[in-house]
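Q: sequence and computational prediction follow.
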Amino acid sequence: MKQLRSLLTMSLLALTIGQADATETPKPIDIVVYRSSSCECCGRWLEHLQQNNFKIKEIVTDNVQEIKDKYGITEPLASCHTGIVEGYVVEGHVPANDIMKLLQTKPKVAGLTVPGMPRGTPGMEMGGKKDPYQVISFDAQKNVAVFNSYE
């Protein structure tokens, strides 16, 4: 009987430890985001990131173009805000899942962008209206490639 009780206790302890590991939340992903004080959609994109386990350091600036120039964001790649995460540039309304894929796969690119401000991207929700758009990767030599497409 004593052995049975001991075995049950050990089984319950193992089950409890297993449950604790399964519910452990991953460490938040740090991202620095530069944005203009006048842009409302940037705040909605930041909410999207927060809901997807990003810890945001927000820097409001009157000269976002200076930041874009510093990180090689040319006009065709530009949007309204610029983020830096683990050495990568994230320009515009890039979905959190694409940023996470970038961080997991670690391709040899400078970053990702969603040029412009397409309707239906995170932070640019407009009811049921959605524009098809692409998430574009770019490197320091200004080479671009499609990283993901949304219809």
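A: Perfect, I can see it now.
Q: residue contacts, the residue most central in space within the chain?
A: Of all residues in the chain, the one closest to the mean position by Cα atoms, centre = their mean is residue 96, 3.4 Å from it. Residues counted as contacts of residue 96 (Cβ atoms under 8 Å, 6 or more residues apart in numbering) are 48, 49, 51, 52, 54, 122. For every residue, glycine as well, the C-beta is placed using N, CA and C.
Q: any idea how far it is from residue 48?
A: Noted for residue 96: a distance of 6 Å to residue 48, by Cβ to Cβ, to the nearest Å.
Q: anything in contact with each of these two?
A: Between them, residue 96 and residue 48 share these contacting residues under Cβ under 8 Å, 6+ apart: residue 122.
Q: pLDDT weak spots in this structure?
A: Applying pLDDT under 70 to the chain flags residues 1-23.
Q: picking that back up, just the buried members of the contacts of residue 96?
A: For the contacts of residue 96, a burial check counting by 16 or more other Cβ atoms under 10 Å picks out 48, 49, 54, 122.
Q: surely the second one meets residue 57?
A: Translated: residue 49. No. The criterion here is Cβ atoms under 8 Å, and residue 49 misses it with residue 57 at 11.4 Å.
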